[in-house]
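> From the sequence below, what's the structure:
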Amino acid sequence: MAVRKVVVAGATGLVGSAALRHFGGAGGCEVVALSRRKPRQLYGARHVAVDLTDPAQCKRAAAELQGATHLVYAALYEAPNLVDGWRDQAQIGTNDAMLRNLMAVLEPAAPSLRHVALLQGTKAYGVHVRPLAVPAREGRSEMYEQPNFYWAQEKFLREQQQGKAWCWSILRPVLIVGEAIGGAMDLIPPLGVYAAMLREQGRALDYPAGAARVSQAVDVDLLARAIAWSGEAEAARNEAFNVTNGDVFTWENVWPAIAEALDMKPGAAVPLSLARTWPQWISPWEALRRKHDLISPGLEAFVGLSFQYADYTMRYGQTEPGPPAIVSTVKINQAGFTEMMDTEDMFRKWFRQARASRLLPYALV
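Alright, predicted model coming up:
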């Protein structure tokens, strides 16, 4: 296989950090991490500080992109009001401009560019505004009539690729679970902080969510391997793929596994808005950081907008069972990527990892 130079845009995020981890351990691969802040771990990558909303900063970074063969585009701008921002024209415009700014300097600097991996998700099927067709399928169930930055980026990429040697792949993960700091849609920090507050009071892990909905998730390391696969597989050229763990879950059914990973007992159903409650936890969290010598930062920096995301994905305030949010993974399986993971094991993995790395209290010994 030819030597690869992989550029990871959005390197501090959930997907970006997993891509750094994967490609850093792959061997024979030069990796460049693009982000405003330096990632907590680089896994051998070279960091280039850049704000993709600024064309001038992108131009200054061009020299670092010379010889790139692969781009993993995991950069994302989210509005402060997370869920409402998904339909906001300004959010759409910002995300569209970020990809355009980067590609404007990457293509001239990287004449050997072979592949661009672009991240979307189930909002491509309108999961945030309507019940999904079950299962949602690529090329059949998209909701192009709903304003979405996915469509702006996809349209640009399709047009930009015409007549070029490089190709693109679009990955559509479902609920992504992994480890990051300050992410907009990372469930380990908000649920871990919530659990820490209860445990400090000697309480069981009460269930804070609303009525059930059958959903799917994907382990971020599995997603990183799917991204890497898409960059080399002939069957992935200029195609979109759903990516999941391969099973389904409801929050009620995985709650005991989460409690087990945190050395707690599952508690009663006690609906609670994490987004509204977290300001009460700022001072207790600081005390826990000192008590357990945590490396995680203050609450807002650690969790970011993810308290809002936890309320949304766990359906806080919903009293009626929701329509299932299920996508088909037949296409990616038939194309050659067939990895699967048990979703309960995934939650155990990441909560235990967060404790072991001292992001959450009660680190394992």
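
> From now on I want contacts and neighbour counts done on CA atoms only, so please keep to that.
Noted.

> what's Leu52 in contact with, if anything?
Contacts were defined as CA atoms under 8 Å, 6 or more residues apart in numbering; by that measure Leu52 touches Cys58, Met98, Leu99, Asn101, Leu102.

> How about the secondary structure of the second one?
Taking DSSP: H, G, I helix; E, B strand; the rest coil as the rule, one finds Met98 in the helix state.

> That one against Ala56, yeah?
No. Using CA atoms under 8 Å as the test, Met98 is too far from Ala56 to be in contact (11.9 Å).

> So those two - more neighbours on which side?
It is Met98, of Met98 and Ala56, that has more neighbours when counted by other CA atoms under 10 Å, with 20 against 12.

> Name all residues that make contact with that one.
Contacts for Met98 (CA under 8 Å, 6+ apart) come out as Leu52, Thr53, Asp54.

> just these now: which is nearest Val72?
Val72 has its nearest neighbour among the contacts of Met98 in Leu52, at 13.9 Å by CA to CA.

> Could you look up the SS state of that closest one?
Under three-state DSSP, the three-state class of Leu52 is coil.

> From Gly10, how far off is it?
To Gly10, Leu52 is 9 Å away according to CA to CA, to the nearest Å.

> Kindly report the same for Pro108.
Distance check for Pro108 against Gly10: by CA to CA, it reads 21 Å.

> would you list every one of the strands in the chain?
Ranges of strands in the chain, per DSSP state E, are 4-9, 29-35, 46-49, 70-73, 115-119, 167-173, 175-177, 205-207, 217-219, 239-243, 266-269.

> So which of the ones you listed is nearest Ala354?
Checking the strands of the chain against Ala354 by CA to CA gives strand 175-177 as the closest, at 11.8 Å.

> tell me the mean pLDDT over that closest one?
Confidence over strand 175-177, taken as the mean pLDDT, stands at 97.

> what residues does that strand touch?
Residues beyond strand 175-177 that count as contacts (CA under 8 Å, 6+ apart) turn out to be Met185, Asp186, Leu187, Ile188, Gln216, Ala217, Val218, Asp219, Val220, Met346, Phe347, Trp350.

> which residues touch the second one?
Going back to what we said before, that points to Asp186. Shown in contact with Asp186 (CA under 8 Å, 6+ apart): Leu14, Ile176, Val177, Gly178, Glu179, Ala180, Val303, Ser306, Tyr309.

> how many other residues sit next to the third one?
The reference is to Val177. Close neighbours of Val177, defined as other CA under 10 Å, add up to 24.

> Report the separation between it and Trp229.
19 Å.

> per-domain residue ranges of the protein.
Following automatic domain parsing, the chain resolves into domains at 4-176+218-243, 183-216+248-326+342-356.

> In JSON lines, list these along with distance to Asn333.
As requested, the domains of the chain are arranged in JSON lines below (distance: least, CA to CA, whole Å):
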{"stretch": "domain 4-176+218-243", "distance to Asn333": "9"}
{"stretch": "domain 183-216+248-326+342-356", "distance to Asn333": "16"}
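
> Out of these, flag the one nearest Ala335.
Closest of the domains of the chain to Ala335 is domain 4-176+218-243, at 5.6 Å (criterion: CA to CA).

> measure that closest one end to end?
24 Å.

> and it, how far from the chain's centre?
In this view, domain 4-176+218-243 has its centroid 11 Å away from the chain centroid, taken as CA atoms, centre = their mean, to the nearest Å.

> could I get the contacts of Asp186 as JSON lines with distance to Ile258?
Formatted as JSON lines, the entries for the contacts of Asp186 read as follows, by distance: CA to CA, whole Å:
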{"residue": "Leu14", "distance to Ile258": "19"}
{"residue": "Ile176", "distance to Ile258": "16"}
{"residue": "Val177", "distance to Ile258": "12"}
{"residue": "Gly178", "distance to Ile258": "14"}
{"residue": "Glu179", "distance to Ile258": "15"}
{"residue": "Ala180", "distance to Ile258": "18"}
{"residue": "Val303", "distance to Ile258": "18"}
{"residue": "Ser306", "distance to Ile258": "17"}
{"residue": "Tyr309", "distance to Ile258": "18"}
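
> can you tell me which of those residues lies nearest to Trp86?
For these, the minimum distance to Trp86 (CA to CA) is 11.8 Å, reached by Tyr309.

> sorry, back to before: from the contacts of Asp186, which land in helices?
Cross-referencing the contacts of Asp186 against helices under DSSP state H gives Leu14, Val303, Ser306, Tyr309.

> any chance of these in a markdown table, with pLDDT, neighbour count and distance to Pro256 too?
A markdown table is the format used below for the ones in helices among the contacts of Asp186 (pLDDT from 0 to 100; neighbours: other CA atoms under 10 Å; distance: CA to CA, whole Å):
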| residue | pLDDT | neighbour count | distance to Pro256 |
| --- | --- | --- | --- |
| Leu14 | 95 | 24 | 24 |
| Val303 | 95 | 27 | 23 |
| Ser306 | 94 | 25 | 21 |
| Tyr309 | 93 | 21 | 21 |
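
> Low-confidence ranges, the protein, go.
The chain contains residues with pLDDT under 70 at 1-2, 363-365.

> All good on my end, thank you.
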